[in-house]
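Undergrad: Got a predicted model here, sequence first, then my questions.
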Amino acid sequence: MQIFILVLAIIFTLIVVVGLFIPRKQTFTETKDIAADKRRIFNLIDDLDSWETWSAWSSLNDTDLQKEFPGKHSGSGASFEWKGSKMGKGSLEIVRAEPYSSLEIATQFRNKRFRVIHHIQLHADRLPVQLTWTATVKTGWSSPSRILGRAVMNNMQTDIHKSLILLSQLAGTAAEA
């Protein structure tokens with residue numbers, strides 16, 4: 001019994017110590033060149049219904065995913081809430097949309113424990129259009145929250161990478177048609 005308690009104390013201490021070295025604010029950036037018109041790319045991102053065709057945060061990744069749209073489906077203020085077996089619960093809102101140039105999107109996870117702000121920029125002086133997607137998560141002060149925030153960011157980075165590949169393929173295919 002004493003060994004069990006000692007092991008638990010060591011695990012708890014490790015979680016606290018490791019979490020202290022993980023920053024509360026974590027950011028990553030992914031860039032993708034897309035051979036398509038900037039209007040086509042922007043419209044695919046701005047229209048939340050179209051996320052089903054290119055986003056890793058769709059039934060492509062979670063077949064049990066259910067979405068509910070409380071209002072608008074595109075533009076500033078458009079949002080949806082989701083619930084799924086793999087993705088859990090959360091919400092996504094387009095906070096700001098500058099047509100054909102940039103979007104700011106906020107996602108909330110796990111009953112608002114994690115808030116992620118996404119800045120998407122389209123640099124379109126020439127083809128291919130360079131899309132830059134920056135995501136920033138802010139976690140709570142606790143060590144477990146910081147550790148979970150790091151896990152959320154790692155998963156999100158993988159999902160954004162997959163999504164940009166699909167978006168590039170979809171936008172490029174549509175541009176050729």
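TA: Sure thing, it's come through.
Undergrad: mind checking the SS state of residue 63?
TA: Of the three states, residue 63 takes coil under DSSP: H, G, I helix; E, B strand; the rest coil.
Undergrad: in this structure, which segments are predicted with low confidence?
TA: 16-20, 111-113, 173-177 (pLDDT under 70).
Undergrad: Mind doing that once more with 50?
TA: Within the chain, the segments meeting pLDDT under 50 span 175-177.
Undergrad: out of all of them, which helix in this structure is the longest?
TA: The residue-count maximum for a helix in the chain (DSSP state H) belongs to helix 143-176.
Undergrad: buried stuff in that helix?
TA: By 16 or more other C-beta atoms under 10 Å, the buried positions in helix 143-176 come out as 143, 145-150, 152-153, 156, 159-160, 162-164, 166-168, 170-172. In short, each C-beta sits where N, CA and C put it, glycine included.
Undergrad: What sits closest to the spatially most central residue of the chain if chain neighbours are left out?
TA: Nearest to the geometric centre of the chain sits residue 156, at 5.2 Å (C-alpha atoms, centre = their mean). Once flanking residues are discounted, residue 156 sits nearest to residue 135: 5.8 Å by C-beta to C-beta, 6 or more residues apart in numbering.
Undergrad: Packing partners of the strand or helix carrying the one you found?
TA: Using DSSP states H and E, residue 135 maps to strand 129-138. Judged by 3 or more C-beta pairs under 8 Å, 6 or more residues apart in numbering; DSSP states H and E, strand 129-138 is in contact with strand 25-34, helix 38-46, strand 114-123, helix 143-176.
Undergrad: Please repeat the previous calculation with a cut-off of 6 Å.
TA: Here strand 129-138 is seen to pack against strand 25-34, strand 114-123, helix 143-176 when contacts are counted using 3 or more C-beta pairs under 6 Å, 6 or more residues apart in numbering; DSSP states H and E.
Undergrad: Any idea what the residue nearest to residue 79 when sequence neighbours are not counted is bridged to?
TA: Nearest non-adjacent residue to residue 79, counting by C-beta to C-beta, 6+ apart: residue 93, 3.9 Å away. Judged by DSSP bridges, the bridge partners of residue 93 are residue 79, residue 106.
Undergrad: For residue 93, the count of nearby residues, please.
TA: 19 (other C-beta atoms under 10 Å).
Undergrad: Lovely, talk soon.
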